[in-house]
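Engineer: need coordinates for the following:
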Amino acid sequence: MVSSFLKACPLAVGLIVAALLLQGCENDNLQSGSDKESVPRDESNPAGNLTTPGSSQSGASQPGSSQPGSSQPGSSQPGSSQPGSSQPGKPGKRPPPPGGKTQPGSGMQSGGDRQPGNPPGGGNAPGGSSAPGGGNAPGGSSAPGGGNAPGGGNAPASTSSHAAPMLGDVAKTVVIGTDVRTNKAFAAGENVYGPFEAGFSSQQDFILEGLGCSQGSLGHVAGGIDTQTAEQMVAAQCSITLPRVEEGSYISLLDECGGHTKQYHFHEKMTCLYDATSGAHSTKIAEALDGKLIYGKWEHTENKVLPLLDACGGHFGRTPESPNVDVYHYHVQDTAPFTVGCFGPNDDGSLVTVEQCRSFYEGCDGNLVTVSTPQGSKEYDDWCPCYDANGSNTGKDIAPLAVFASKRLLKEEQHQLRGSTKLP
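Structural biologist: Have a look, this model is predicted:
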């Protein structure tokens with residue numbers, strides 16, 4: 001019977017053997033416990049930026065409940081770090097790993113910020129099937145007190161308790177959200193990643209061509225560049241406009257809510273998670289790895305007042321969860337670092353300056369690269385998440401953030417009223 005089947009169906013036998021071999025390769029590549037399973041997504045449905053407010057996830061800690069140095073469940077142990085090896089022209093920094101591919105036009109495209117330890121992938125393979133990868137490094141991202149998680153996405157490791165992971169999650173969402181334009185749902189518990197991508201190489205050529213690059217190789221970008229700048233570099237190198245809308249589809253590295261890939265995670269915006277018309281302080285959207293809450297971008301939605309934030313992206317003030325006591329908390333920002341630039345405040349309770357933020361990270365080494373966008377060329381310190389008031393992270397001629405500049409102006413006014421022009 002078996003020999004007759006083998007003679008009659010050689011193609012079927014070959015397919016069965018190939019399938020078994022492929023399954024064995026995938027099992028060899030996947031590391032147990034390393035991948036976060038996300039809620040299945042309809043990647044053909046681009047996300048919009050109109051939202052309904054989400055409800056809180058049970059068990060989320062209150063603002064200020066955890067100090068830097070305390071690890072979160074599922075995260076790596078404090079004190080773990082892995083030094084990086086050199087990237088040509090950038091001592092101490094390493095080139096990006098290959099990422100994954102997804103269907104073009106969905107806005108969930110890159111996969112370039114996947115963690116090492118997972119096989120290439122992270123988005124949709126051609127035809128819409130999910131490729132392996134795109135999750136977190138084994139053990140998850142590091143908690144405060146440990147710098148970067150082992151593996152670190154080939155980013156330079158930092159040991160400061162205030163250093164947030166260069167790649168991988170810096171927070172998890174604590175609310176649900178719905179895009180009212182597409183009716184796409186966002187579950188609580190999604191990862192919020194830091195500002196950087198791990199880069200776009202030949203592994204992403206299909207994605208880059210789906211964005212409109214005539215050749216995917218034109219859009220290659222090194223790792224350690226924030227998502228907003230990286231997208232504009234692709235736009236300039238490929239002579240295309242990003243983001244853009246074509247025939248009702250939103251074309252971008254990120255969807256309209258600021259996230260991407262099959263193993264879905266946010267980088268920016270997160271407008272689908274908070275109510276921008278509440279008439280008061282923005283509602284909470286996520287909890288950072290240090291236990292402090294992240295809120296929408298508004299200090300007061302009705303008056304369109306933005307908060308004055310330190311280099312970590314936080315400040316002291318009242319929140320819906322702490323209406324009577326000032327607490328340190330983070331806000332979403334329109335520009336990098338978008339959410340958490342570092343874990344604040346300082347150990348003495350003071351707000352974090354750009355200079356102090358730079359001291360937390362090995363990547364803030366002043367070894368600059370030049371990036372070109374449709375807006376022009378500029379210097380950039382790759383793998384450095386500390387941005388000044390002008391949006392520069394180079395460490396040159398640092399423009400003080402508004403929260404510090406306003407305090408100095410207040411001191412100057414006070415001294416002038418007292419007849420003194422010399423500041424202490």
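Engineer: which residues in the stretch 301-424 of the chain form strands?
Structural biologist: 314-319, 322-331, 369-373, 376-380 (DSSP state E, counting those that start in this stretch).
Engineer: let me know which of these is the nearest to residue 358.
Structural biologist: Comparison of the strands of the stretch 301-424 of the chain against residue 358 by C-beta to C-beta identifies strand 376-380 as nearest, at 13.8 Å. No exception for glycine: its C-beta is placed from N, CA and C like everyone else's.
Engineer: residues of the closest one that come out buried?
Structural biologist: residue 380 (16 or more other C-beta atoms under 10 Å).
Engineer: from the contact counts, what lies against it?
Structural biologist: In this structure, strand 376-380 makes packing contacts with strand 369-373, judged by 3 or more C-beta pairs under 8 Å, 6 or more residues apart in numbering; DSSP states H and E.
Engineer: so how far is residue 218 from the residue nearest to residue 334 when sequence neighbours are not counted?
Structural biologist: Of all residues not flanking residue 334 in the chain, residue 297 sits nearest, at 6.8 Å (C-beta to C-beta, 6 or more residues apart in numbering). Per C-beta to C-beta, to the nearest Å, residue 297 is found 33 Å from residue 218.
Engineer: most tightly packed of the strands of the stretch 301-424 of the chain?
Structural biologist: Sort these by mean neighbour count, taking mean count of other C-beta atoms under 10 Å, and strand 314-319 sits at the top with a mean of 20.
Engineer: and it with strand 322-331, angle?
Structural biologist: Comparing the axes of strand 314-319 and strand 322-331 via axes from the mean of the first three to the mean of the last three C-alpha atoms, to 10 degrees yields an angle of 150 degrees.
Engineer: adding mean pLDDT and distance to residue 398, write the strands of the stretch 301-424 of the chain out as a markdown table.
Structural biologist: Formatted as a markdown table, those follow (pLDDT from 0 to 100; distance: least, C-beta to C-beta, whole Å):
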| stretch | mean pLDDT | distance to residue 398 |
| --- | --- | --- |
| strand 314-319 | 96 | 19 |
| strand 322-331 | 97 | 21 |
| strand 369-373 | 97 | 18 |
| strand 376-380 | 97 | 13 |
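Engineer: now these as TSV including distance to residue 261?
Structural biologist: Formatted as TSV, the strands of the stretch 301-424 of the chain follow (distance: least, C-beta to C-beta, whole Å):
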stretch	distance to residue 261
strand 314-319	27
strand 322-331	23
strand 369-373	23
strand 376-380	24
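Engineer: out of those, which comes closest to residue 226?
Structural biologist: strand 376-380 (8.8 Å).
Engineer: so what strands line up beside that closest one?
Structural biologist: Here strand 376-380 has these sheet partners by DSSP bridges: strand 369-373 (antiparallel).
Engineer: just name the shakiest helix or strand of this structure by mean pLDDT.
Structural biologist: strand 51-52 (a mean of 33; mean pLDDT, DSSP states H and E).
Engineer: just to revisit the earlier point, residue 297 and residue 218 - which one has more neighbours?
Structural biologist: residue 297 (20 against 16; other C-beta atoms under 10 Å).
Engineer: quick one: low-confidence parts of this protein?
Structural biologist: 1-153, 406-424 (pLDDT under 70).
Engineer: if we use 90, what do you get?
Structural biologist: Scanning the chain with the threshold set as pLDDT under 90 gives 1-155, 178-184, 247-249, 261-263, 275-280, 301-304, 405-424.
Engineer: quick one, helices of it?
Structural biologist: Using DSSP state H, the helices found in the chain span residues 2-8, 10-29, 205-211, 227-238, 354-359, 402-417.
Engineer: what's the neighbour count on residue 247?
Structural biologist: Neighbours around residue 247, by other C-beta under 10 Å: 6.
Engineer: got the phi/psi numbers for it?
Structural biologist: phi 50, psi 40 (degrees, to the nearest 10).
Engineer: do you know how far it is from residue 182?
Structural biologist: According to C-beta to C-beta, residue 247 stands 15 Å off from residue 182.
Engineer: now do the same end-to-end measure for stretch 272-285.
Structural biologist: 10 Å (C-alpha to C-alpha, to the nearest Å).
Engineer: now residue 242: closest residue in space, sequence neighbours ignored.
Structural biologist: Distance criterion C-beta to C-beta, 6+ apart; nearest residue to residue 242, sequence neighbours excluded, is residue 235 at 4.2 Å.
Engineer: nearest to residue 222 among the strands of the stretch 301-424 of the chain would be which one?
Structural biologist: strand 369-373 (7.3 Å).
Engineer: angle of that closest one against helix 227-238?
Structural biologist: Put simply, strand 369-373 runs at 70 degrees to helix 227-238, going by the same axes, to 10 degrees.
Engineer: so residue 202 makes contact with residue 217?
Structural biologist: Yes: counting by C-beta atoms under 8 Å, residue 202 does reach residue 217; the two are 6.9 Å apart.
Engineer: more neighbours: which of these two?
Structural biologist: For residue 202 versus residue 217, neighbours defined as other C-beta under 10 Å are more numerous around residue 217 (16 against 11).
Engineer: for the more buried one, give me its contacts.
Structural biologist: Neighbour list for residue 217: 202, 205 [criterion: C-beta atoms under 8 Å, 6 or more residues apart in numbering].
Engineer: can you tell me how far it is from residue 208?
Structural biologist: In this view, residue 217 and residue 208 are 8 Å apart by C-beta to C-beta.
Engineer: just residue 244 next, same as before
Structural biologist: In terms of C-beta to C-beta, residue 244 sits 15 Å off from residue 208.
Engineer: the more surrounded of the two?
Structural biologist: Using other C-beta under 10 Å, the more surrounded residue of residue 244 and residue 208 is residue 208, with 29 against 13.
Engineer: and that one, what does it touch?
Structural biologist: 200, 216, 218-220, 234, 238 are the contacts of residue 208 under C-beta under 8 Å, 6+ apart.
Engineer: distance of it relative to residue 163?
Structural biologist: Separation of residue 208 from residue 163 (C-beta to C-beta) stands at 31 Å.
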